[in-house]
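A.B. asks: When you get a sec, could you give me coordinates for this:
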Amino acid sequence: HRLASVIIQSEARYRYLFPVDTSCPVFYVQNAPALPSVRVFPEKPFRKRMIFFGNVMASHGLFDCLEAMNTICQTDNGYTMTIKGVIPKSWVRAAIRWRYRHLLERGNIIIDEEYTPQADIVPYLSSFDIGFCLYNFRLLSKSDFNYLSVPSGKLFNFYAAGVPVVGVDILGLASVREYGTGILVDTLSKESLSQAIAHIAGNYSAYHRNCLAAADRFDFRKSIIPFMEYLTGKA
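C.D. replies: Coordinates of the predicted model:
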């Protein structure tokens, strides 16, 4: 083979792309932000602020989250969910405004399509308490390994911001269970999502701290050092 080295997000993705050993150096670097050398994150209370961040698409669990919000707000009107990102399909925006007009009018649902520079994403996310990282496999192919092993950039931005995660139970989000940074669900039913939110709310401080620890583990600045040393001959 002609490969001198491989840089990739995870061992699972490496094994999928290279089922036969390449016998060359492999470096694992997640799609995570580089953290500043000094970070101060005081304890923060759970304020019922949630965020749907990234691709605003049905296949990414948008309407499943909205249905869960509709259920939660019937008994607790203090929750909010901000939809942050570009809505690429006009029918999606229309469906949100038609089906969930009551939640929009009460301020439970907030739509924010303004551009946020990369450098401001983590500070922006830190004002929220729960982030969603979902994929709807009724709309996506279950054989799509890219989605099953998804190197979700928003997941690692949530970690860096200290925001616990509600995610779907797939290979690519296994770090949520490994580091105790949130709850993984088997289905996107409103019941399972509501229960996951309630569980995080009841154990919020621990999940918040675990996210910050996971962010340190996946810090791009630290993770890239072995690869840089390899390129410069220092390894």
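A.B. asks: can you pull out the strands in this protein?
C.D. replies: According to DSSP state E, the chain carries its strands in the segments 6-8, 26-28, 49-53, 80-84, 109-112, 130-133, 165-168, 182-185.
A.B. asks: would you turn those into CSV with distance to C65?
C.D. replies: Every C-beta, even on glycine, is put in place using the N, C-alpha and C of the backbone. Shown next, in CSV, are the strands of the chain (distance: least, Cβ to Cβ, whole Å):
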stretch, distance to C65
strand 6-8, 30
strand 26-28, 30
strand 49-53, 5
strand 80-84, 7
strand 109-112, 10
strand 130-133, 5
strand 165-168, 9
strand 182-185, 11
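A.B. asks: Can you check which of those gets nearest to G233?
C.D. replies: Closest approach to G233 among the strands of the chain (Cβ to Cβ): strand 26-28, 14.9 Å.
A.B. asks: Can you give the contact residues for that closest one?
C.D. replies: The contact list for strand 26-28 (Cβ atoms under 8 Å, 6 or more residues apart in numbering) reads 5-11, 14, 223, 226-227, 230.
A.B. asks: returning to that earlier point: output the strands of the chain in JSON lines; the columns should cover distance to F156 and mean neighbour count.
C.D. replies: Listed next are those as JSON lines, based on distance: least, Cβ to Cβ, whole Å; neighbours: other Cβ atoms under 10 Å:
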{"stretch": "strand 6-8", "distance to F156": "15", "mean neighbour count": "16"}
{"stretch": "strand 26-28", "distance to F156": "13", "mean neighbour count": "17"}
{"stretch": "strand 49-53", "distance to F156": "12", "mean neighbour count": "23"}
{"stretch": "strand 80-84", "distance to F156": "16", "mean neighbour count": "21"}
{"stretch": "strand 109-112", "distance to F156": "21", "mean neighbour count": "17"}
{"stretch": "strand 130-133", "distance to F156": "10", "mean neighbour count": "25"}
{"stretch": "strand 165-168", "distance to F156": "10", "mean neighbour count": "26"}
{"stretch": "strand 182-185", "distance to F156": "13", "mean neighbour count": "22"}
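A.B. asks: Distance-wise, check L125 relative to F145.
C.D. replies: 28 Å (Cβ to Cβ, to the nearest Å).
A.B. asks: Now the residue nearest the centre of the chain. Nearest residue, chain neighbours left out?
C.D. replies: In the chain, the residue lying closest to the centroid (Cα atoms, centre = their mean) is L155, at 2.7 Å. Nearest residue to L155 in three dimensions, chain neighbours excluded: C133, at 5.0 Å (Cβ to Cβ, 6 or more residues apart in numbering).
A.B. asks: In the chain, which helix is the longest?
C.D. replies: helix 204-218 (DSSP state H).
A.B. asks: what's the offset of that one from the middle of its chain?
C.D. replies: 13 Å (Cα atoms, centre = their mean, to the nearest Å).
A.B. asks: Give the other helices and strands that that helix contacts.
C.D. replies: The elements that helix 204-218 packs onto, with contact taken as 3 or more Cβ pairs under 8 Å, 6 or more residues apart in numbering; DSSP states H and E, are helix 153-161.
A.B. asks: follow-up on the earlier one: please narrow the contacts of strand 26-28 to those residing in helices.
C.D. replies: Those of these lying in helices (DSSP H): 11, 14, 223, 226-227, 230.
A.B. asks: I'd assumed A12 was in contact with S149.
C.D. replies: Yes - counting by Cβ atoms under 8 Å, S149 does reach A12; the two are 5.1 Å apart.
A.B. asks: intersection of neighbour lists for those two?
C.D. replies: 171-172.
A.B. asks: which one of those two has more residues nearby?
C.D. replies: S149 (20 against 16; other Cβ atoms under 10 Å).
A.B. asks: Who are the contact partners of the more buried one?
C.D. replies: Counted by Cβ under 8 Å, 6+ apart, S149 has contacts 10, 12-13, 16, 170-172.
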